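In: sequence first, predicted coordinates after that:
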Amino acid sequence: MAVMVVMAVVILFMVFTMLYPIGVTFTNSLKTVVEVNSFPPKFLPAGLEWGNYKEGWHYMDLPLFLKNTLLLFGGNLLVTMFVLGLAAFTLSKLRLPHRKLIYFFFLMTLFIPPSTYIVPNFVNLKDLHLLNTFWAFWLPAGASAFNLLLLKSFFDAISDEIFEASRIDGASNWYAFSRIALPLSIPIVSTLAIFIFSAAWNDWFWPSLVMHGDPKYPLATAIYKKVIQATGLKQNVKFAILSMVALPPIVVFLLFQRFILRGLHLGGVKG
């Protein structure tokens, strides 16, 4: 009984530490400047200053940055399913020579720190004249070893008899991939879509390196440069902008969390 109580207290503490920053952001977005800067701080506002959201909406072109973020997400998802999907299907269902060695090579790259890729990727994109274009995001999306192994593991779980029957009927490998494998892969595709959306929504560092100027910035980079680093912006308006930006991914997770759990279960990387 004592162990259960301790576990409950620990879980409640973890929940509090995770939800408290979110709660502070939303409550500060409804305060006046004086209330935000008051000491000792008060969690609840005395009144609801909804005008902070209107001022924050007009402070920067949020629809433009949102459109750029959705373009990154859509392109990354298409490249992942076309390039990595075909590669995973080939490693899983086709008689590829030395495919175990190739699989081991991709598995080995998971142990290389992602920070070591930054400089080589930047130099390659510069030599290809792809800086300040969305291809600077879409091309690297086709080289994600984790997504490849996740897709391959899911394809491994699909019965080989289905594809053998399609070959007997004269179906090509492309037909087997596009008409059989992909329709059966909705759970893992949904999971990858959520992961890719989260990465596109939250990544600010890489876009700040390869993108130059407001017309191409995704939302996270624009928030970092125009809100986090802003010195003349009122604190309550800052919190209002951050609240508007934090709300969509929270809604996406609450609506599609079952796809995350089911996709990870079905596509878990096997040893």
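Out: Nice, thanks for sending it over.
In: any stretches of this protein with poor pLDDT?
Out: Applying pLDDT under 70 to the chain flags the ranges 259-271.
In: switch to 50 and redo it
Out: Within the chain, the segments meeting pLDDT under 50 span 267-271.
In: now the strands for it?
Out: With strands called from DSSP state E, the chain shows none.
In: need the longest helix for it.
Out: helix 235-267 (DSSP state H).
In: mind checking how far it is from the chain centre?
Out: Here helix 235-267 is found 10 Å from its chain centre; the criterion is CA atoms, centre = their mean, to the nearest Å.
In: likewise stretch 158-167?
Out: For stretch 158-167 - counting by CA atoms, centre = their mean - the centre lies 33 Å from the chain centre.
In: stretch 140-156 now?
Out: 15 Å.
In: ok, residues contacting that stretch?
Out: 75-76, 79-80, 82-85, 87-89, 91-93, 103, 106-107, 109-110, 117, 121, 181, 185, 187-188, 191-192, 195-196, 266-270 (CB atoms under 8 Å, 6 or more residues apart in numbering). Every C-beta, even on glycine, is put in place using the N, C-alpha and C of the backbone.
In: please save the CA atoms from it in PDB.
Out: In PDB, the C-alpha atoms belonging to stretch 140-156 read as follows (Å, rounded to 0.1, in the frame of the first residue of the first chain):
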ATOM      1  CA  PRO A 140      17.200  15.300 -45.500                       C
ATOM      2  CA  ALA A 141      13.800  13.800 -44.700                       C
ATOM      3  CA  GLY A 142      14.600  11.000 -47.100                       C
ATOM      4  CA  ALA A 143      17.600  10.000 -45.000                       C
ATOM      5  CA  SER A 144      16.000   9.200 -41.700                       C
ATOM      6  CA  ALA A 145      17.200   5.800 -40.500                       C
ATOM      7  CA  PHE A 146      14.700   5.700 -37.700                       C
ATOM      8  CA  ASN A 147      11.800   6.200 -40.000                       C
ATOM      9  CA  LEU A 148      13.200   3.600 -42.400                       C
ATOM     10  CA  LEU A 149      13.600   1.000 -39.700                       C
ATOM     11  CA  LEU A 150      10.100   1.700 -38.400                       C
ATOM     12  CA  LEU A 151       8.600   1.200 -41.800                       C
ATOM     13  CA  LYS A 152      10.600  -1.900 -42.500                       C
ATOM     14  CA  SER A 153       9.600  -3.400 -39.200                       C
ATOM     15  CA  PHE A 154       5.900  -2.800 -40.100                       C
ATOM     16  CA  PHE A 155       6.300  -4.300 -43.500                       C
ATOM     17  CA  ASP A 156       8.000  -7.400 -42.000                       C
END
